[in-house]
Structure formats: C-alpha cells, structure tokens
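Novice: Fold the following for me, if possible:
(chains A and B)
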Amino acid sequence: MRLSNYLLPVTKETPADAQIVSHKLMLRAGLVRQTAAGIYAWLPLGLKVLRNIERIVREEQDKAGAVELLMPTIQSADLWRQSGRFDAYGPEMLRFVDRHDREMLYGPTNEEMITTLFRDAAKSYRDLPRTLYHIQWKFRDEVRPRFGVMRGREFLMKDAYSFDLDEAGLKKSYEAMFVAYLRTFARLGLQAVPVRAPTGPIGGDLSHEFHILADTGESALFYDAAIEDISREELLSADVSTIARLTGLYAMEEEEHAKVADCPVPPERLRTRRGIEVGHIFAFGTKYSAAMGLSVQTKDGGQVHPQMGSYGIGVSRLVGGIIEASHDESGIVWPEGVAPFAVGLINMRADDDKCAAAADSLYAKLNAAGVETLYDDRDERGGAKFATMDLIGLPWQLIVGPKGLERGVVELKNRRTGEREELSAESALARLSA
RNA sequence: CGGGGAGUGGCGCAGCCUGGUAGCGCAUCUGCUUUGGGAGCAGAGGGUCGCAGGUUCGAAUCCUGUCUCCCCGACCA
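Specialist: You can find the predicted model right below:
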C-alpha cells in the first residue's frame, strides 16, 4: 500500500480523552476514532490489526476442532425470556423495539441463540460432541466505558460453545479450548496467565480467566513466578500436559487470593502484577440446554440435556492489550503476525529520481513476493517518515536513501530492537521474503 | 448509578471572572529555501464558541434548561 493513497491520520499530540498508553497510541497512530462513549470506528490500519488477531484466533479455533458459524447481533427478547435472562440481565443489555413494537436486543452474548440453533439441528448422541463458535460484535451497555477499546460498549468477541453428552466429555472440550487459548495468546506474542476463576453455583474447577500482564490492567493478580518460566515455544505447541503444568501453579485474582488462608507459594516466588482479562472459559453444564429444551437421544433410547461450556476471547480488547504489553517511547511495537503490514518502506527523498526508482522497484518486488508493505512515498522529510513508522510499529523498516544508494545499499531496521543493518536491495528482499 | 470536571477550526489549548461579534500552537494549502530522526521563512484557507431559551443596545463571556464527553468509585470479553 502506498501511503500517498491510504488513510492514516497520525498525530503528534495526544487527544485529551485518552488516559492509558494503548488508547493514546491507538488514536495517535490512526487506528481508531471514537464516535460515542465506548463505541469506536476502526480506521484502515486498525482494521488490519483487528483482522490479523481475528485470523489467528480463528485458525486456532479451527485447529481445536471448533466449527465456525455466524449469529446476528440483534436478537429477540422472546429468546431470552425462555432462559429467564431477559429480566435477569439488567440494564447492561441494550433493549429496543422495532416498528411492530416487538422487543429486541443487541446481543451481549449468545448462549440462548446457539442453544436454540443446536437444539433444532442436533437430535442424537451421534451429533455430539460439537463445539461451535463465531466472531461477532457484542454490545454491553457498561455503566462506565473507558480505556478506549479495552472497555468499550461495542466490542468484537470470539465466543465458542461446546455440547457434550456427559461431564467427562465436557472436560475434554474444555481442555481443547484451554489448549487453543494458550496457543492463540502465544501466537499473538503475549504472555497470558490462566487464573482459576470463581465458578458460582456450578462448582468444580472448570472456569479460567486468561490475563495479559500489564501495569494498566484492571485486575491485580497473585501468581507463582514459575509461570513466567514456561517458554513461548512450549505454549505454541501446548497440549493437555501443558494445562496440567500451568494449573498446577498458583495463580489467583486479588479477591480470591485474599480468601486463601495459606498461600502455597513461598513469598520469594509470589509475584504480584496487574492483568488485563482477554479470555474467559467456563463450563456451566445443563443450565441452558435444560432451559431452552435442548436434549438428544442416547444410545439406549433415553434423552439427555447436553453438558455445555462457553469460551470467550475479547478480540477488539486484544488490540489494546497487545499495545499495553508491547510499546516504547516512540510508539507501538507490533508482534509479527499481528502487525498491519510486515514492512514499512521509506523513501528518504521522494524528489530524487534515483531514490524513487529504487524504492518503487523494491515495493513492486515486495508485493510480488507477497510481503505486505506500507510504502511511504510521500514528499515528506525523512525525519517525519521515521517518526510515523516508529509510531505505527511495523516490525521492519526498509530505508532507501541517496547516501546508501551511492554505495549500493539500503538499510533494514528492526523496530523492536532498533538494530539497523546495511545490505544490498537483493539481500534485503531475500531477508524479508523468507 | 453516586461524586467531580469539560464542551471554542481536524487535534491540543487561551479568551469567560471584569459582555463590545474570536486568538495561539500543531495540522492543512501556496511559494521559496531546505532534506538521514517530526525543517525555516513568507503568505493563505478553515470556527462563530455543544444545543435551546432568557437578560442586554450588544453574549463565547451573565442566567435557566438540556445534550454530550471525560475522570474517581461499585460491575465486566
């Protein structure tokens, strides 16, 4: 993409509304614009990041055997009356009526709908187990939205729902999602700590929250330092044994930690950090299958309500979360895979024919090699281009200038480390295409 | 929802107390000079001050109402 052809409104100054670093950077780097309290428009660069996160989440859901579908954002009140949640949910649910005075709502979650859909489609134990998911916008009318996309009212969420014949099956489905989450967050370049969450009336230990460590997190966590020793490689190839290893290590939210009489972690290994909740998985059994009349026929001719679980990842929140975890004084530092473009190509002198020709040529070759490139071909000074590239945080900057060209080299800069290297255009291409 | 703060060109702000039809920085446009870390000079365009009503000869400024946004607390992917 040529920057001269793009919409990238970056700013030097920070809008007064933004408090935390991710929100400031998202506004400054032209990722989002707020349109109402807790509601954001995604500008081109922000949308690319959102789509990249979505892609990684989707790939790991698919790998875990979950099946994607897409449910609507608008739901009817009647559906929610069946589960009793229409009245129970409270003012956080956005309700309205259509022209025929039918009561509608903008979905804050989809248990009722998925259960109904599955009820009408699955009749036999042979239809189980299944895990279904979608990635869809939700609306929760938070009392006080804040922190940009971290606590918006409208947000993009991946929510998956599992259906199993019995509790043993539910446990397996739960573990499959647990593994998928570990891999997903590792691929996103994040260290996510699974924290046992209170399960409420259902009991058991089948509920975990996944927190990214960041100083601006809304929850305080207490955990065993050994959690930090688990390598990214291990998490990328996580399996059930990884769950056992992780859940064997102490990790609690402040409130729960306060209730623990004898903390099993020796003081020197007990870490206290703040965390951003980016995922939550839990098993709730037959709560919705019973309420919504979902049952399947068993082998011996009986009927059972499937055991269900649900599994959420805050996709839009992750955009902010990743920035909280990965930035410096100059701007965002995107992890590979999440970055909106892999390479930022800078032509230092747009008015110099040789420079322009060399940069144009590199741009064409990068495109041909399938390397997503943002080409700053504007007639701006080099300093302004550097500042823009640092701010938007693309992993690599490829710099073409008259000084280097005289010696037959271009410069490759790593955004994260700041390391610069001079090399031939061919070597640079080969490196970036690898 | 309780408590606090703020609405003035795209962004950041001043002006308001002590009414006299709007100013600064950034950004934008033009020209010249510059060109390896957000250039300099000169010129230009863009707002009628959240909205509604009131007081007044006259309102960004005073009064009333209203809407919106932000912050602190209780709740949440």
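
Novice: What backbone torsions are found at A:Arg140?
Specialist: Listed backbone geometry of A:Arg140 is phi -130, psi 120, with angles given as degrees, to the nearest 10.

Novice: Please, which helix or strand holds the closest residue to A:Leu374 other than its chain neighbours?
Specialist: Closest residue in space to A:Leu374, ignoring its immediate chain neighbours: A:Phe341 at 4.1 Å, by CB to CB, 6 or more residues apart in numbering. For every residue, glycine as well, the C-beta is placed using N, CA and C. For A:Phe341, there is no host helix or strand (DSSP states H and E).

Novice: count of neighbours near A:Phe341?
Specialist: When neighbours are counted by other CB atoms under 10 Å, A:Phe341 registers 22.

Novice: again, but for A:Asp351
Specialist: Applying other CB under 10 Å, we find 8 residues neighbouring A:Asp351.

Novice: I'd guessed it sits against A:Arg378; true?
Specialist: No: A:Asp351 is not in contact with A:Arg378 according to CB atoms under 8 Å; the separation is 11.1 Å.

Novice: Convert the C-alpha atoms of the helix or strand of chain A with the lowest mean pLDDT to PDB, please.
Specialist: Lowest by mean pLDDT, DSSP states H and E among the helices and strands of chain A is helix A:254-259, with a mean of 84. The C-alpha atoms that make up helix A:254-259 are tabulated as PDB, following Å, rounded to 0.1, in the frame of the first residue of the first chain:
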ATOM      1  CA  GLU A 254      -6.800 -10.400  44.300                       C
ATOM      2  CA  GLU A 255     -10.200 -11.100  45.600                       C
ATOM      3  CA  GLU A 256      -9.800 -14.800  45.600                       C
ATOM      4  CA  HIS A 257      -6.200 -14.600  46.800                       C
ATOM      5  CA  ALA A 258      -7.400 -12.700  49.800                       C
ATOM      6  CA  LYS A 259      -9.600 -15.700  50.800                       C
END
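
Novice: So which residues make contact with it?
Specialist: Outside helix A:254-259, the residues that touch it by CB atoms under 8 Å, 6 or more residues apart in numbering are A:196-198, A:219-222, A:263.

Novice: try 7 Å this time
Specialist: With contacts defined as CB atoms under 7 Å, 6 or more residues apart in numbering, helix A:254-259 is touched by A:198, A:219-220, A:222.

Novice: RNA strand B next: which of those residues are close?
Specialist: A:Ser219 (CB under 7 Å from any atom of the strand).

Novice: of the contacts of helix A:254-259, closest to RNA strand B?
Specialist: Looking at these and their distance to RNA strand B, the nearest is A:Ser219, at 6.6 Å (CB to the nearest atom of the strand).

Novice: The closest one and A:Thr272 touch, don't they?
Specialist: No: under the criterion of CB atoms under 7 Å, A:Ser219 lies out of contact with A:Thr272, with a separation of 11.3 Å.

Novice: Now list whatever residues contact both of these two.
Specialist: Jointly contacting A:Ser219 and A:Thr272 under the rule CB under 7 Å, 6+ apart is no residue at all.

Novice: what residues are up against the nearest residue to A:Ala214 once chain neighbours are set aside?
Specialist: Spatial nearest neighbour of A:Ala214, excluding adjacent residues (CB to CB, 6+ apart): A:Glu324 at 3.9 Å. Residues counted as contacts of A:Glu324 (CB under 7 Å, 6+ apart) are A:21-22, A:214, A:216, A:276.

Novice: And the helix or strand hosting A:Ile323, how far out from the chain middle?
Specialist: Under the assignment given by DSSP H and E, the secondary-structure element containing A:Ile323 is helix A:315-325. Helix A:315-325 has its C-alpha centroid displaced from the chain centroid by 6 Å (CA atoms, centre = their mean, to the nearest Å).

Novice: Export it to PDB, keeping only CA atoms.
Specialist: What follows is helix A:315-325 as a C-alpha-only set of coordinates in PDB (Å, rounded to 0.1, in the frame of the first residue of the first chain):
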ATOM      1  CA  VAL A 315     -10.700  -9.700  20.000                       C
ATOM      2  CA  SER A 316     -11.100  -5.900  20.000                       C
ATOM      3  CA  ARG A 317      -9.800  -5.700  23.500                       C
ATOM      4  CA  LEU A 318      -6.700  -7.600  22.400                       C
ATOM      5  CA  VAL A 319      -5.700  -4.800  20.100                       C
ATOM      6  CA  GLY A 320      -5.400  -2.500  23.100                       C
ATOM      7  CA  GLY A 321      -4.000  -5.300  25.300                       C
ATOM      8  CA  ILE A 322      -1.200  -6.100  22.800                       C
ATOM      9  CA  ILE A 323      -0.200  -2.400  22.700                       C
ATOM     10  CA  GLU A 324      -0.100  -2.200  26.500                       C
ATOM     11  CA  ALA A 325       2.200  -5.200  26.500                       C
END
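
Novice: Name the residues of the stretch 301-434 of chain A found near RNA strand B, please.
Specialist: Taking CB under 7 Å from any atom of the strand as the criterion, the stretch 301-434 of chain A approaches RNA strand B at residues A:312-314, A:316-317, A:330, A:348-349, A:351, A:381-384, A:386-388, A:390-391, A:399-405, A:411, A:413, A:420.

Novice: Can you name the residues that contact the residue lying closest to A:Arg420 once chain neighbours are set aside?
Specialist: Beyond its immediate neighbours in the sequence, the residue positioned closest to A:Arg420 (CB to CB, 6+ apart) is A:Lys413, lying 4.7 Å away. Contacts of A:Lys413 were listed using CB under 7 Å, 6+ apart, and they are A:397, A:399, A:420.

Novice: Confirm that A:Lys413 sits in a strand.
Specialist: Yes: assigned with DSSP: H, G, I helix; E, B strand; the rest coil, A:Lys413 falls within a strand.

Novice: distance of it from A:Asp379?
Specialist: Taking CB to CB, to the nearest Å as the measure, A:Lys413 and A:Asp379 are separated by 21 Å.

Novice: try A:Pro340
Specialist: 23 Å.

Novice: what's the closest residue to A:Asp351 other than its chain neighbours sitting at in phi/psi?
Specialist: In space, and not counting its chain neighbours, A:Asp351 is closest to A:Asp379: 6.5 Å by CB to CB, 6+ apart. Taking degrees, to the nearest 10, you get phi -90, psi 70 for the backbone angles of A:Asp379.

Novice: in the stretch 1-150 of chain A, which ranges drop under the pLDDT threshold?
Specialist: The stretch 1-150 of chain A contains no residues with pLDDT under 70.

Novice: repeat that for 90
Specialist: Residues of the stretch 1-150 of chain A that meet the criterion pLDDT under 90 lie in A:13-17, A:19, A:84-85, A:87-92, A:142-144.
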